[in-house]
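Visitor: Sequence first, predicted coordinates after that:
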Amino acid sequence: MSSPFYLIAGLGKTGLSIARYLRRRNVLFAVFDTRLEPAGMDDFYAEFPDVTVYLNDFPVSGYAALTGIISSPGIALDTPLMQRAMAHDIPVFGDIECLAREVLAPIVAITGTNGKSTVTTLVGEMAKAAGISVAVAGNIGTPVLDLLDDGTSYDLWVLELSSFQLDLVTSLSPIAATILNVTPDHLDRHHSLDAYRASKQRVYHRAKTRLYNREDSQSYPQSNDPQSVLVSFGEDEPVSANWGLIETDGVVYLAYGQTRLLPVNELRIKGSHNWANALAACALAHAVGISFDDMIGVLKRFSGLPHRSQWVRTMDGVDWINDSKGTNIGATISAISGIGGAMQGKIVLIAGGQGKGADFTTLRFALTDYVRSMVLLGEDADLMEKALVDVVPIVRASNLDEAVLLAKAQSQPGDVVLLSPACASLDMFRDFNHRGDVFTAKVNAL
Ligand code: UMA
Ligand code: ADP
């Protein structure tokens, strides 16, 4: 019998981590990327001079030699390569599947449209506070296979999983799994909200504890599993062993059943969406046996991740806030309402980029309440302007530097200038970090 031979699809962070993982196991592979000039080519050749890289297309004659395709999440399953592979009965899976097949330590799996990175980070910090050796990886930025062989024996894995990654995994059996929420995103890839939700629902498959959001019916597990414990979180009062908010003498507490854990005003992350994130993190930490004290200590000191409603500067009475991670409409609405509800003036919103098939009219309500004007840029600025032109005044910018100058001219003392694009950044930037960094640098240079 011939040796196993894999094709790695996609030469980004994930592809590189898969290549290193296979090389460490002496498994043969080639690489494929749909682009003619993927960014990491030179570095890849330097590290793997003996590996064949197929660009743009993979020859049909090559299928017979393939044991399987290990794909990056960014490559859609309906690309011709994947479709032809599946027609040839070639297994297609991803890096999370490789991890799930090897790792014996418990895995906490976190998905949802928004709040994933915040909740993943919180659970990781809670585990560390409890003295657990924890690996935090996945869509949050570190490919899981980079940690699998890093020499540390992790007792717990906390994974942020995107719908793309969930489409490529079958063997995951998480100790606890959650869908935090589902609002429209990535519709260019999934084509419908139902398909997007179905990808997210895969996280519950064989999970010991399934944690859902009482306020979002799309997060309810859609399959029955008598083996699995069902737990919920929400911003109402929780019954029995569930998570929610209890108000006593005007103070709102995070609570487990009737046990009050912490007043929400002691959280450093602001906005009611972050109360939900804190509750979800506590519920997941509880499912792996972390104490209330360890959870509360982390909640009291965690001040949030960069590029999520992050204060940059106050200048001439105007606050400048970087929410570059607001890459879909749901995230931008929560940023606008979190900030708008607590200020005197109005918001000048900088938005635009790749809309991923979103319906921008769903932003109208949030704009009416809090937004003075918008500065639009990027690939889908036309679509956004068309959907919102009768709601608030709109000006157009050709790049982010110009958008900052226009926003400065539009703002008045007491206002907030908010970068929360409701769009992906990839038309103009490497990623949302890059977009947020460019914004911050320009604002600081004003
Ligand atoms: N590629 C193709 N054809 C395509 C798309 C991509 O050949 O149609 C190639 C590109 O040329 C590139 C490579 O694939 O060389 C990139 O692969 P990738 O897009 O899967 O990106 P990675 O660098 O491997 O990063 C991925 C996640 N990216 C995506 O899912 C798009 C990262 O999430 C994740 O942090 C990383 O793996 C580690 O697990 C980013 C993301 O934007 C943050 N995720 C989306 C989101 O959060 O909304 C889902
Ligand atoms: P993700 O990893 O899912 O993108 P993050 O925790 O990075 O989520 O938050 C991204 C953005 O989404 C934040 O800037 C914030 O505006 C918004 N957000 C965070 N948590 C929630 C939530 N629970 N519900 C709605 N929006 C949220």
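Guide: Good, I have the coordinates. Predicted, not measured: the structure shown is a model, and the values here were computed from it. Ligands and ions are numbered 1, 2, ... in the order given.
Visitor: and the stretch 251-400 of the chain, which residues reach ligand 1?
Guide: Taking C-beta under 6 Å from any ligand atom, the part of the stretch 251-400 of the chain that reaches ligand 1 is made up of residue 327. Using the backbone N, CA and C atoms, a C-beta is placed for each residue, glycine as well.
Visitor: For the nearest residue to residue 163 once chain neighbours are set aside, list the residues it contacts.
Guide: Spatial nearest neighbour of residue 163, excluding adjacent residues (C-beta to C-beta, 6 or more residues apart in numbering): residue 199 at 3.8 Å. Contact analysis of residue 199 by C-beta atoms under 8 Å, 6 or more residues apart in numbering lists 163-164, 166-167, 190.
Visitor: What about those, which are in helices?
Guide: Judged by DSSP state H, the subset of those located in helices is 163-164, 166, 190.
Visitor: Contact residues of the protein facing ligand 2?
Guide: Contacts of the chain with ligand 2, taken as C-beta under 6 Å from any ligand atom, map to 112, 114-118, 180-181, 273, 276-277, 308-309, 323, 325-326, 330-331, 334-335.
Visitor: How about the longest helix along the chain, which residues are buried there?
Guide: Longest helix in the chain, counting residues (DSSP H): helix 272-287. Buried residues in helix 272-287, counted by 16 or more other C-beta atoms under 10 Å: 273-287.
Visitor: Show me which of these is closest to ligand 1.
Guide: Nearest to ligand 1 among these is residue 277, at 15.6 Å by C-beta to the nearest ligand atom.
Visitor: contacting residues for the closest one?
Guide: Counted by C-beta under 8 Å, 6+ apart, residue 277 has contacts 115, 118-119, 122, 180, 269.
Visitor: Show me those that map onto strands.
Guide: Taking DSSP state E, every one of the contacts of residue 277 sits outside strands.
Visitor: What ranges does the stretch 251-400 of the chain have for its helices?
Guide: Taking DSSP state H, counting those that start in this stretch as the test, the helices found in the stretch 251-400 of the chain are 272-287, 292-301, 329-340, 364-370, 381-388, 400-410.
Visitor: For the residue in the stretch 51-200 of the chain that ligand 1 sits nearest to, which non-adjacent residue is spatially closest?
Guide: With C-beta to the nearest ligand atom as the measure, residue 74 is the residue of the stretch 51-200 of the chain nearest to ligand 1, at 1.9 Å. Distances taken as C-beta to C-beta, 6+ apart place residue 10 nearest to residue 74, at 5.8 Å, with adjacent residues excluded.
Visitor: now residue 56
Guide: Closest to residue 56 by C-beta to C-beta, 6+ apart is residue 36, at 5.5 Å.
Visitor: which of the ones in helices among the contacts of residue 199 count as buried?
Guide: Buried members of the ones in helices among the contacts of residue 199, counted by 16+ other C-beta under 10 Å: 163-164, 166, 190.
Visitor: end-to-end on stretch 389-403?
Guide: Length of stretch 389-403, first residue to last, C-alpha to C-alpha, to the nearest Å: 17 Å.
Visitor: starting at the chain centroid, how far to it?
Guide: Centroid separation for stretch 389-403 versus its chain: 26 Å, with C-alpha atoms, centre = their mean, to the nearest Å.
Visitor: how's this protein carved up into domains?
Guide: Domain assignment for the chain by automatic domain parsing gives 5-90, 97-301, 310-444.
Visitor: rewinding a little: out of the helices of the stretch 251-400 of the chain, deepest packed?
Guide: For the helices of the stretch 251-400 of the chain, average neighbour numbers computed from mean count of other C-beta atoms under 10 Å are highest in helix 272-287, which has a mean of 25.
Visitor: relative orientation of that helix and helix 329-340 in degrees?
Guide: 110 degrees (axes from the mean of the first three to the mean of the last three C-alpha atoms, to 10 degrees).
Visitor: got the angle between helix 272-287 and helix 292-301?
Guide: Using the same axes, to 10 degrees: helix 272-287 against helix 292-301 is 150 degrees.
Visitor: which ones are touching residue 28?
Guide: Neighbours of residue 28 in contact, by C-beta under 8 Å, 6+ apart: 3-6, 22.
Visitor: Between those residues, which sits nearest ligand 2?
Guide: For the contacts of residue 28, the nearest to ligand 2 is residue 22 (28.0 Å; C-beta to the nearest ligand atom).
Visitor: Chain neighbours aside, what residue packs nearest to the residue positioned nearest the centre of the chain?
Guide: What sits nearest the mean C-alpha location of the chain, by C-alpha atoms, centre = their mean, is residue 116, with 5.0 Å. In this structure, residue 116 finds its nearest non-sequential neighbour in residue 160, 4.7 Å apart by C-beta to C-beta, 6+ apart.
Visitor: try residue 189
Guide: Closest to residue 189 by C-beta to C-beta, 6+ apart is residue 76, at 5.5 Å.
Visitor: okay, the one you found: pLDDT?
Guide: We have a pLDDT of 94 for residue 76.
Visitor: do residue 40 as well
Guide: 82.
Visitor: which stretches of the stretch 201-350 of the chain form strands?
Guide: 209-213, 229-233, 243-248, 251-256, 259-263, 310-315, 318-322, 347-351 (DSSP state E, counting those that start in this stretch).
Visitor: Residue 139 is nearest to which of those?
Guide: Nearest of the strands of the stretch 201-350 of the chain to residue 139, taken as C-beta to C-beta: strand 209-213 at 17.8 Å.
Visitor: And that closest one, what does it pack against?
Guide: In terms of contacts (3 or more C-beta pairs under 8 Å, 6 or more residues apart in numbering; DSSP states H and E), strand 209-213 is packed against strand 176-179, strand 229-233, helix 272-287.
Visitor: redo that, cut-off 6 Å
Guide: Contact analysis of strand 209-213 by 3 or more C-beta pairs under 6 Å, 6 or more residues apart in numbering; DSSP states H and E lists strand 176-179, strand 229-233 as its packing neighbours.
Visitor: ok, now which ones touch the residue in the stretch 301-446 of the chain that ligand 1 sits nearest to?
Guide: Closest residue of the stretch 301-446 of the chain to ligand 1, C-beta to the nearest ligand atom: residue 327 (5.9 Å). The neighbours of residue 327, taking C-beta atoms under 6 Å, 6 or more residues apart in numbering as the test, are 424, 432.
Visitor: Per-residue pLDDT of it, please?
Guide: At residue 327, the pLDDT recorded in the model is 97.
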